[in-house]
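*Asks:* quick one, what's the 3D model for this:
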Amino acid sequence: MARRRTHGAHRCWDLERQVRLTAGSLVLAGLLTGTVAPRATWFSGAVGAGLVFAAVSNTCAMGQLLSALPHNQRDHVHLADVTRRLA
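*Replies:* The predicted structure follows:
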């Protein structure tokens, strides 16, 4: 169930869920492509290695890339807007 926010931009899926979907899709695409071009299965292995590195180093390059997408950006609050609304 998606969480509702009372303010700011609404992001339907948490970033972790987006990373799992993207990584799983890349692995699946690599495996399916590997049926035609066997070397493409190495792509799935590279994605898996990236996930292992992300877990060991506690960093996530894919998460950083996904967080930069426009639908993951939050609205910025400016002090001038807040004071005008309070007045």
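
*Asks:* all helices of this structure, in order?
*Replies:* Assigned by DSSP state H, the helices in the chain fall at 15-34, 41-57, 61-67, 79-86.

*Asks:* got TSV for those helices, with mean neighbour count and distance to residue 73 too?
*Replies:* The way it works is simple: take the backbone N, C-alpha and C, and place the C-beta from them, glycine included. Below are these laid out as TSV (neighbours: other CB atoms under 10 Å; distance: least, CB to CB, whole Å):
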stretch	mean neighbour count	distance to residue 73
helix 15-34	15	12
helix 41-57	13	22
helix 61-67	14	8
helix 79-86	8	17
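
*Asks:* compare those and say which comes out lowest on pLDDT.
*Replies:* In terms of average pLDDT, helix 79-86 trails the rest of those, at a mean of 82.

*Asks:* tell me how far that helix lies from the chain's centre.
*Replies:* With CA atoms, centre = their mean, to the nearest Å as the basis, helix 79-86 stands 32 Å off its chain's centre.

*Asks:* same check, this time on stretch 28-48
*Replies:* Centre to centre, stretch against its chain (CA atoms, centre = their mean), the figure for stretch 28-48 is 21 Å.

*Asks:* now do stretch 67-76
*Replies:* Mean-position distance between stretch 67-76 and its chain equals 11 Å (CA atoms, centre = their mean).

*Asks:* what about dumping the CA coordinates of that stretch to PDB?
*Replies:* Output in PDB follows, covering the C-alpha atoms of stretch 67-76 (Å, rounded to 0.1, in the frame of the first residue of the first chain):
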ATOM      1  CA  SER A  67      16.800   9.600  -7.200                       C
ATOM      2  CA  ALA A  68      17.900  12.200  -9.800                       C
ATOM      3  CA  LEU A  69      14.900  11.500 -12.000                       C
ATOM      4  CA  PRO A  70      12.300  14.200 -12.100                       C
ATOM      5  CA  HIS A  71       9.500  12.100 -10.600                       C
ATOM      6  CA  ASN A  72      11.700  11.500  -7.500                       C
ATOM      7  CA  GLN A  73      12.400  15.200  -6.900                       C
ATOM      8  CA  ARG A  74      10.700  16.900  -3.900                       C
ATOM      9  CA  ASP A  75       9.300  20.400  -4.000                       C
ATOM     10  CA  HIS A  76      11.600  22.900  -2.300                       C
END
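
*Asks:* cool, thanks, signing off.
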